[in-house]
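# Model the following, please.
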Amino acid sequence: MATDWFPDRGVRRMVLLLGTAGLAVLTGGIVGDLLWVIGLGAWMFMIALIVELVYRP
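Purely as a prediction, here's the structure:
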């Protein structure tokens, strides 16, 4: 019974990592005034949100 939550913790860690990286890339794009980097950061953040919404244990 204790092993049921290990995959959930891995997905949670991935979502937090992807969301944090997305926000960091987005901020770097805003500071550097690079539109493609802003778009990349926005997509990374959106994918993290979608994974969080779709993966509900």
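
# what's the longest helix in this structure?
In the chain, assigned by DSSP state H, the helix with the most residues is helix 6-32.

# Quick one: list the elements packing against that helix.
In terms of contacts (3 or more C-beta pairs under 8 Å, 6 or more residues apart in numbering; DSSP states H and E), helix 6-32 is packed against helix 35-54. Using the backbone N, CA and C atoms, a C-beta is placed for each residue, glycine as well.

# Would you mind listing the buried residues in the helix it packs on?
For helix 35-54, the neighbour count (16 or more other C-beta atoms under 10 Å) marks V37, I38, L40, G41, M44, F45, A48, E52 as buried.

# One more: stretch 16-29?
For stretch 16-29, using 16+ other C-beta under 10 Å, the buried residues are L18, G19, G22, V25, L26, G29.

# Could you double-check that the fifth one sits in contact with W36?
No - taking contacts as C-beta atoms under 8 Å, L26 lies outside contact range of W36: 11.7 Å.

# in the protein, which segments are predicted with low confidence?
Scanning the chain for pLDDT under 70 picks out 1-7, 56-57.

# 90 instead, please
In the predicted model, the chain carries pLDDT under 90 at residues 1-14, 52-57.

# will you turn the buried residues of helix 35-54 into JSON lines that also has distance to M14?
Formatted as JSON lines, those follow (distance: C-beta to C-beta, whole Å):
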{"residue": "V37", "distance to M14": "22"}
{"residue": "I38", "distance to M14": "23"}
{"residue": "L40", "distance to M14": "18"}
{"residue": "G41", "distance to M14": "17"}
{"residue": "M44", "distance to M14": "12"}
{"residue": "F45", "distance to M14": "13"}
{"residue": "A48", "distance to M14": "8"}
{"residue": "E52", "distance to M14": "10"}
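
# Between those, which sits nearest V11?
Closest approach between the buried residues of helix 35-54 and V11, by C-beta to C-beta: E52, at 8.5 Å.

# what's near enough to touch the nearest residue to that closest one once chain neighbours are set aside?
Distance criterion C-beta to C-beta, 6 or more residues apart in numbering; nearest residue to E52, sequence neighbours excluded, is V15 at 4.9 Å. Contacts of V15 were listed using C-beta atoms under 8 Å, 6 or more residues apart in numbering, and they are A48, V51, E52, Y55.
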